[in-house]
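Participant: quick check, what structure comes out for this input:
(2 chains)
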Amino acid sequence: MTTVSLTVNGQSVTADVDPRTLLVHFLRDNLRLTGTHVGCDTSQCGACVVHLNGQAVKSCTTLAVQANASVVTTIEGISQGGELHPMQAAFREHHGLQCGYCTPGMIMSAIDIVNRKGNALDEQTIRAELEGNLCRCTGYHNIVKAVAAGAQGMAQAPLQQAAE
Amino acid sequence: MYAFEYHRPTSVKEAAGLAGTAEDIKFLAGGHTLLPTMKLRLAGPANLIDLSQIAELRGIERSGDTITIGAMMKHAEVANSAELKEAIPALAEMAELIGDPHVRNRGTIGGSIANNDPSADYPAACLALNVTIITNQRKIAADDFFQGIFTTALEEGEIITQVSFKAPSQAAYVKFRNPASRYALVGVFVAKHADGVRVAVTGAGSNGVFRAADMEQALNGNFAAEALNGVTVAESEMNSDMHADAAYRAHLVGVMARRAVQAATSRG
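Facilitator: Numbers count the residues shown, from 1 in each chain, chains lettered A, B, ... in the order given. Predicted coordinates:
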């Protein structure tokens, strides 16, 4: 066993883990943060995307021990005071999901896109940046609309963006 | 995944020491090939040595026209480096084409080179840019480093620390992606140096990354896309699989090479 200490959604966590534990399983099984999903388990679908030190990563292809001394944010960590994060609100408003399985990863990726590319995102940029997230229901149309709207929403909620 | 012992050294010396004493080791860089391989139980090292906490493996430096990139620099860091965008935009653009944003946040230049996947982008860049691969033991020219599919000059326990090269006057990388996997079906990196043009091809060759000598010769005479008209690569040396046969790959090498030269010359 190896000891890992990290911050998850603002809370300090220390645990002894088998080194082969994937970050996604640590989050889901040890911390019971089951919003982060395992889709393909082969680094392709993006259902497992979380933020590691502020960057979007696939937690099915990261060991929990690699996240030692890091800051992790999951889908459970982005809303504040019972209010949905602007990107979550935009996905609801624009019907950016059907079965919802890919949604946590989509939203974590979308927030990362805004963090890197700013709040004015055109369709081409959004589609290109969502390369690592697969949705088998929607055909992406409403997801793209939701990301564009969520990006605008994040501009209007600077405090929340900074907190994330 | 099989069980392993995890090590997190903080210096190259410590990592090399662990590699020398521990049994059956693998170095972990970004882990975006190694971890999937371990999940499939195609690899099962007894000891995993994580290189991510070693500060001396990081950084991008430019000294005159010489550029040095630390082995643990991630694809996203290479893609977004203001220094590289100015000195060698072709390399930053190439890094931006690897995988997807999440993969680029983890995968590293050193890991990609050490793995030498026949469809990876960095090996083509390294050959075309005539890089020197610096390890904890020696310096290896790119021409000597890549020795066939998943095979390199690295000895057991040897660690890539940096990659160093002189910026070419003109360069570009163009790839034709497999529409499903997004890996390079064919990728061509063209670079014009003071002492000649280098053309490196990934994804296509049956023995991994290679230089297209006839194309280099044609471009040395005239660095223009039309100089490649009628210049081909040998179909017999191309890979053939369910995604593309050798004839198609050979054809694509020509198309991608012309596009790469066009991109390089239009950049000025």
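Participant: tally of neighbours for the nearest residue to residue A:21 once chain neighbours are set aside?
Facilitator: Nearest residue to residue A:21, sequence neighbours excluded (Cβ to Cβ, 6 or more residues apart in numbering or on different chains): residue A:64, at 4.6 Å. Every C-beta, even on glycine, is put in place using the N, C-alpha and C of the backbone. When neighbours are counted by other Cβ atoms under 10 Å in any protein chain shown, residue A:64 registers 25.
Participant: who are the neighbours in contact with residue A:64?
Facilitator: A:4, A:17, A:21-23, A:25-26 (Cβ atoms under 8 Å, 6 or more residues apart in numbering or on different chains).
Participant: wait, which of those is closest to residue B:149?
Facilitator: residue A:22 (27.9 Å; Cβ to Cβ).
Participant: wait, doesn't residue B:117 sit right on residue B:150?
Facilitator: Yes - between residue B:117 and residue B:150 there is a contact under Cβ atoms under 8 Å: 6.8 Å.
Participant: more neighbours: which of these two?
Facilitator: Taking other Cβ under 10 Å, residue B:117 and residue B:150 do not tie; residue B:117 has more neighbours (19 against 13).
Participant: how close does the more buried one sit to residue B:202?
Facilitator: Counting by Cβ to Cβ, to the nearest Å, the separation of residue B:117 from residue B:202 is 9 Å.
Participant: same deal with residue B:125?
Facilitator: Counting by Cβ to Cβ - residue B:125 and residue B:202 are separated by 9 Å.
Participant: intersection of neighbour lists for the two?
Facilitator: Counting by Cβ under 8 Å, 6+ apart, the shared contacts of residue B:125 and residue B:202 are residue B:189.
Participant: so what's the residue lying closest to residue A:47 once chain neighbours are set aside up against?
Facilitator: Spatial nearest neighbour of residue A:47, chain neighbours left out: residue A:39 (3.3 Å); criterion: Cβ to Cβ, 6+ apart. Contacts for residue A:39 were tallied using Cβ under 8 Å, 6+ apart; they are A:45-48, A:101-102, A:105, A:134.
Participant: what residue is smack in the middle of chain A?
Facilitator: The residue lying closest to the centre of chain A (Cα atoms, centre = their mean) is residue A:108, at 2.4 Å.
Participant: now do the helices in the stretch 51-200 of chain B.
Facilitator: B:75-80, B:82-87, B:89-96, B:101-104, B:109-115, B:122-128, B:142-145 (DSSP state H, counting those that start in this stretch).
Participant: chain A is nearest to which of those helices?
Facilitator: Proximity to chain A (Cβ to the nearest Cβ) singles out helix B:101-104 among the helices of the stretch 51-200 of chain B, at 4.7 Å.
Participant: and for residue B:240, the neighbour number?
Facilitator: For residue B:240, using other Cβ under 10 Å, the count is 13.
Participant: what parts of the stretch 1-150 of chain B come near chain A?
Facilitator: Residues of the stretch 1-150 of chain B lying close to chain A (Cβ under 8 Å from any Cβ of the partner chain) are B:1-6, B:8, B:28, B:31-32, B:35-36, B:38-39, B:48, B:50, B:52, B:76, B:99-103, B:105-106.
Participant: sorry, back to before: which among the contacts of residue A:39 end up buried?
Facilitator: A:45-48, A:101-102, A:105, A:134 (16 or more other Cβ atoms under 10 Å in any protein chain shown).
Participant: so residue B:194 sits right up against residue B:130, yeah?
Facilitator: No - taking Cβ under 8 Å as the definition, residue B:194 is not a contact partner of residue B:130, at 10.8 Å.
Participant: need the residue closest to the centroid of chain B.
Facilitator: Central residue of chain B (Cα atoms, centre = their mean): residue B:122, 1.7 Å from the mean position.
Participant: contacting residues around that one?
Facilitator: Residue B:122 sits next to B:94, B:98, B:109, B:112-113 when contact means Cβ under 8 Å, 6+ apart.
Participant: once you drop chain neighbours, what's closest to it?
Facilitator: Spatial nearest neighbour of residue B:122, excluding adjacent residues (Cβ to Cβ, 6+ apart): residue B:112 at 4.1 Å.
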